[in-house]
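Chemist: Structure of the sequence below:
(one chain, ligands or ions: 1)
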Amino acid sequence: MPAFANRPPASATQKIVTSNQRNVSLAFYGPIWRLLRRNLTENFLHPSRAKSFSHSRRWALQVLKNRLASHEKSGQPICVREHFQYTMFCLLVVICFGDNVDENQIKQIEEAQRRAFLSFNKFNILNLWPRVTKIVLRRRWEEFYQLRKCQLDVSIPLIRTRKNMQEEDRKSMEPHHDRALCYVDTLLSLEFPDEERKINEEEIANLCSEFLNAGTDTTTTSLEWIMANLVKYPKIQDRLFMEIKEVVGNGDQEEVSESDLKRMPYLKAVVLEGLRRHPPARLLIPHAVMEDVVLNNEYLIPKNAAINFLVAEMGWDPEAWEDPLTFKPERFLNHDNGIRQEFDITGSREIKMMPFGAGRRICPGYQLGMLHLEYYVANLVCKFEWRAVDGDGVDLSEKAERTMVMKNPLRVRISPR
Ligand code: HEM
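Modeler: Numbering: from 1, shown residues only. Next up is the predicted model:
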């Protein structure tokens with residue numbers, strides 16, 4: 001039995017890949033994976049591209065503020081998870097399919113994604129022996145195809161709309177250069193070098209579904225944990241509010257903008273501390289090494305053995321972090337209250353925590369995830385004061401669902417600042 005070091009050095013993680021299955025999905029490995037990943041990170045999720053969705057982030061923020069404000073008027077405590085979830089989902093749908101999508105279409109996509117998710121365990125067995133199960137579990141296969149059809153019926157028209165827009169732009173004397181590039185746009189122009197073909201509509205639909213799944217719950221869960229800590233520790237919330245006010249001033253500014261965020265080291269520290277203390281993914285997608293690796297002259301990791309990283313335990317390691325179970329954003333600040341220069345969330349220099357994974361399989365959406373957390377935390381704290389429901393403490397117990405969520409979802413009272 002191999003033993004696994006729980007803080008592998010970066011050199012070992014660089015060799016890590018997931019199993020060698022060939023599939024048009026970012027979660028598997030192969031030449032296609034490399035191409036798709038490069039597309040996602042370099043052409044699309046790169047910060048310069050991510051900026052083009054500022055107006056969508058602003059729109060989603062407005063949706064969220066309206067929902068919270070109308071609840072606040074009712075005088076009842078608010079259970080925030082559903083609102084965070086809806087906001088993140090709307091935003092990612094727009095980033096994925098373009099800002100021409102309306103709320104009704106978003107609801108249809110949400111329903112199709114939800115049904116697919118709820119059936120995940122039921123259909124898992126079909127992966128094992130497809131030839132056999134196609135005979136003995138014929139009904140289940142039919143159900144699976146039906147569900148798949150529902151998903152495609154919703155997403156393929158949206159993909160075709162973007163295709164038509166690209167066609168029109170190509171023919172037009174006045175193409176829309178200012179149109180924000182969405183994920184589907186980048187996929188439509190991809191060609192597989194080894195197969196001399198373009199990626200087809202069904203494959204694009206799969207990748208979009210994966211994009212929405214991977215980005216929504218992780219960001220929603222992290223946002224809920226961070227806000228829970230700000231409610232539990234009002235002094236931290238007050239300090240954050242002071243920082244925000246110093247940057248945006250006392251005027252009636254509608255939004256903390258993305259450029260403001262860069263001048264808020266304490267905000268970044270709060271987000272990092274949230275991800276350290278409550279990483280939404282407790283395990284990474286299983287990894288494997290391509291050849292036998294010996295760590296620290298002590299632990300053998302055999303080629304192809306499934307490796308699961310205990311992400312939370314790394315961030316709670318008392319040898320790496322002082323008082324690791326306490327929520328203390330200051331640990332990420334240097335003496336001048338700036339973000340510690342040496343801290344690196346990608347783990348390319350050292351790994352003390354890895355909420356997004358590390359090495360070449362690191363979450364391709366990590367910059368977008370960080371930006372969304374900083375943007376929504378800053379705006380929520382700037383607009384409202386967040387307080388615990390009278391007599392109710394904030395219970396930070398955990399529950400394993402798709403991500404590690406709050407066992408008792410966060411309920412709060414908010415009041416406009
Ligand atoms: C707080 C937010 C997020 C967290 C904590 C997070 C965390 C993770 C983790 C731990 C992995 C597995 C990495 C590994 O196995 O080594 C992952 C994979 C992935 N994430 Fe994220 N993620 C976040 C946001 C996002 C966003 C916003 C997107 C896209 C819009 C995204 C897209 C993906 C994709 C496509 C994968 C699979 C990549 C692959 O297998 O190569 N994530 N994420």
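Chemist: Get me the contact residues on the stretch 301-417 of the chain for the ligand.
Modeler: 355, 356, 357, 361, 362, 363, 364, 365, 368, 369, 373 (C-beta under 6 Å from any ligand atom). C-betas here are computed from N, CA, C, even on glycine.
Chemist: which among these gets closest to residue 117?
Modeler: Proximity of these to residue 117 (C-beta to C-beta) peaks at residue 365, which lies at 18.3 Å.
Chemist: The closest one contacts residue 214, doesn't it?
Modeler: Yes - the pair residue 365 / residue 214 is scored as a contact, 6.7 Å apart, by C-beta atoms under 8 Å.
Chemist: Which residue of these two possesses the greater neighbour count?
Modeler: Between residue 365 and residue 214, counting by other C-beta atoms under 10 Å, residue 365 is the more crowded of the two (24 against 19).
Chemist: For the nearest residue to residue 126 once chain neighbours are set aside, grab phi and psi.
Modeler: The shortest distance from residue 126 to any non-neighbouring residue, by C-beta to C-beta, 6 or more residues apart in numbering, is to residue 133 (5.2 Å). For residue 133, the backbone dihedrals (degrees, to the nearest 10) come out as phi -70, psi -20.
Chemist: Could you pull out the strands in the protein for me?
Modeler: 16-17, 78-79, 191-192, 197-198, 288-289, 293-295, 299-301, 384-388, 398-400, 404-406, 411-416 (DSSP state E).
Chemist: now residue 323: how far from the ligand?
Modeler: 23 Å (C-beta to the nearest ligand atom, to the nearest Å).
Chemist: quick one, what contacts that residue?
Modeler: By C-beta atoms under 8 Å, 6 or more residues apart in numbering, the contact set of residue 323 is empty.
Chemist: Quick check: the gap between it and residue 316.
Modeler: 10 Å (C-beta to C-beta, to the nearest Å).
Chemist: Pull out the buried residues from the lengthiest helix in the chain.
Modeler: In the chain, taking DSSP state H as the definition, the longest helix is helix 138-171. By neighbour count on 16 or more other C-beta atoms under 10 Å, the buried set for helix 138-171 is 140-141, 144, 147-148, 151-152, 154-155, 158-159, 161-162, 165-166.
Chemist: now, which of those lie close to the ligand?
Modeler: Of those, not one also sits near the ligand (C-beta under 6 Å from any ligand atom).
Chemist: quick one: which of the residues you listed is nearest to the ligand?
Modeler: Checking the buried residues of helix 138-171 against the ligand with C-beta to the nearest ligand atom, the nearest one is residue 155 at 15.6 Å.
Chemist: So the closest one sits against residue 209, correct?
Modeler: Yes - at 7.3 Å, residue 155 counts as touching residue 209 under the criterion of C-beta under 8 Å.
Chemist: got a pLDDT number for whichever residue of the chain sits closest to the ligand?
Modeler: Closest to the ligand within the chain is residue 365: 2.3 Å, counting by C-beta to the nearest ligand atom. As summarised for this prediction, residue 365 has a pLDDT of 88.
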